[in-house]
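S.K.: Here is a sequence with its predicted model. Questions after.
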Amino acid sequence: MAYEKLLNEIYAVISLKYLWPEYRSGFRKSESPDWINEEMGLGMEVSQALLPEDGQAESVIEKYLGCTSAELPENVYARYGERLHFYNDRFWAILPDERRESDWIRKAKVRFDEKLNKLNTNYIKLPVNSLYLYLHPNVTEKVNPKGLFDYMKHSQMGREVQFDLVFLNSNTGIHVCDFQEDEISTIPLPAHAREFLDAESARLREKHEWPDGMILDSVPGKYGRPKVERKSTGKDKSDNQSTPVQVDTRNRLERQMAFALELDKEKLIGRQNYLSDGQRKENDAEHAWHLAIMTLLLSEYANEPIDVLHTVAMVLMHDVVEIDAGDTYAYDENGKASQAEREMKAAKRIYNMLPEDQARKYMDLWLEFEEQKTPEARFARTMDNIQPLILNVAANGRSWLENGIHLSQVLGRNRHTASGSEELWQHAFNNLIKPSVDEGWLKNP
């Protein structure tokens, strides 16, 4: 497979891994579609908004496709000049002589129709069929995906098999076209995200051949731990067949930096509460930040004197486990049944990324919150309970209404809120909960 084609396929799934909140592990390499995830019931084809007339049929394309800019001969530069198109510094196409400002839209439409035809012929059908499409707008051109979304929606009408999701990769982010929900959402690219994704994709591309069936998560990430076989003691057969154990060979600073990067994944863990403007749901990182600020502001109302810095550290570090365990909705009784087991397993993996002394310190901090035996833990729980109330009321009860939440459920959730601060609980009850019942945001009974 051409270097650039496979690199683009890897970049596509890596960008979703780090940026798309709905991502789940388990993507394996395939052919038609390029990736399959059985757990999600999802297939994903990867393509670019480039057309045959872009020069892909010319001999120069066939000869130099995938070469770096430094590897292209001078006579190619002399002949084609600015028409040469590079992606990740590798030669990909020759653009038309007269490139129009909106040419990428036309190309995207043609490429989408081609992939839609393929989906209805020799494509492996799955419950959710998706397409990851690279757009190539001018650097300064603002991308508005609405027109393209409408075109794709109309183009699929009457087709037996349709794309459920289309990911449009532009110069500013990833536009997620959800045809099941009939909506578009945009995942903006954080600062330096493209540099990170480019580097990680190139590393994974060069590390393996990526045959069909190879699972993405079977390849250690840049900060993954090496596996070292446990040596046999010769005592018995079971010891000889012991499974590999993970040994972290990095120095102290390397482990701390790896942990710091791991925490960035909290930004990808979605919660059920909407932000105060009601436009999107908050993520774990935003939740932790909000709790820390509230602790600084409201610590004077604690029932007992507390160590504020200790409590701030507790609320910042507590939900780190959700990187692996996911967020468990406060009113999801089925999810709660396995919550403790999932979170304990996650805590052991994530905190043990740190040097031993810090791993023990933050594991103890997490357990302190769970056990609720100290004034700091009780006040941290108060913050954790009141913050969602504030956001729910600010968003006109949107999350409560969507999930049909009753007053009794909210009161049950907050049965220990007063143990950290009686005054804050009374304020929350009188100024947040009761008005929400009056507004009809909370059902009663």
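M.R.: Yes, it's here. These figures come from a predicted structure and were not determined experimentally.

S.K.: which ones are touching D324?
M.R.: 342, 345-346, 349-350 (Cβ atoms under 8 Å, 6 or more residues apart in numbering). Backbone N, C-alpha and C define where each C-beta goes, glycine included.

S.K.: which among the residues you listed end up buried?
M.R.: Listed as buried from those are 342, 346, 350; burial here means 16 or more other Cβ atoms under 10 Å.

S.K.: between those, which is closest to N88?
M.R.: Within these, proximity to N88 (Cβ to Cβ) peaks at I350, which comes in at 31.4 Å.

S.K.: who touches the closest one in this structure?
M.R.: Per Cβ under 8 Å, 6+ apart, neighbours of I350: 259, 262, 320-321, 323-324.

S.K.: got it, and Y64?
M.R.: 71-72, 76, 91.

S.K.: Neighbour count and secondary structure for those - can I get that in a markdown table?
M.R.: Shown next, in a markdown table, are those (neighbours: other Cβ atoms under 10 Å; DSSP: H, G, I helix; E, B strand; the rest coil):
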| residue | neighbour count | secondary structure |
| --- | --- | --- |
| E71 | 10 | coil |
| L72 | 17 | coil |
| V76 | 16 | helix |
| F91 | 22 | strand |
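
S.K.: just those now: which is nearest E39?
M.R.: F91 (36.6 Å).

S.K.: Return the distance of the closest one relative to Y77.
M.R.: To Y77, F91 is 11 Å away according to Cβ to Cβ, to the nearest Å.

S.K.: hang on, the earlier thing: which one of the contacts of D324 is nearest A359?
M.R.: Taking the contacts of D324 together and measuring to A359 by Cβ to Cβ, the closest member is I350, at 9.2 Å.

S.K.: Tell me the spacing between that closest one and D384.
M.R.: Following Cβ to Cβ, the distance that separates I350 from D384 is 19 Å.

S.K.: H192 too?
M.R.: Per Cβ to Cβ, H192 is found 31 Å from D384.

S.K.: Show me what counts as buried in stretch 356-376.
M.R.: So, applying 16+ other Cβ under 10 Å, buried residues of stretch 356-376: 358-359, 362-363, 365-366, 368-369, 374-376.

S.K.: Sort out which of those residues are in helices and list them.
M.R.: 358-359, 362-363, 365-366, 368-369, 375-376 (DSSP state H).

S.K.: where in this protein is pLDDT low?
M.R.: Residue ranges of the chain with pLDDT under 70: 1-4, 50-59, 62, 79-80, 87, 95-103, 137-142, 219-250.

S.K.: ranges for the strands of it?
M.R.: Secondary structure of the chain, counting by DSSP state E: strands at 28-29, 35-37, 42-48, 84-87, 90-94, 128-134, 165-169, 173-178, 183-188, 227-228, 245-246, 270-274, 281-283.

S.K.: Using CSV, please lay out those strands together with distance to L296.
M.R.: CSV is the format used below for those (distance: least, Cβ to Cβ, whole Å):
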stretch, distance to L296
strand 28-29, 46
strand 35-37, 42
strand 42-48, 42
strand 84-87, 46
strand 90-94, 49
strand 128-134, 42
strand 165-169, 39
strand 173-178, 32
strand 183-188, 28
strand 227-228, 42
strand 245-246, 37
strand 270-274, 21
strand 281-283, 19
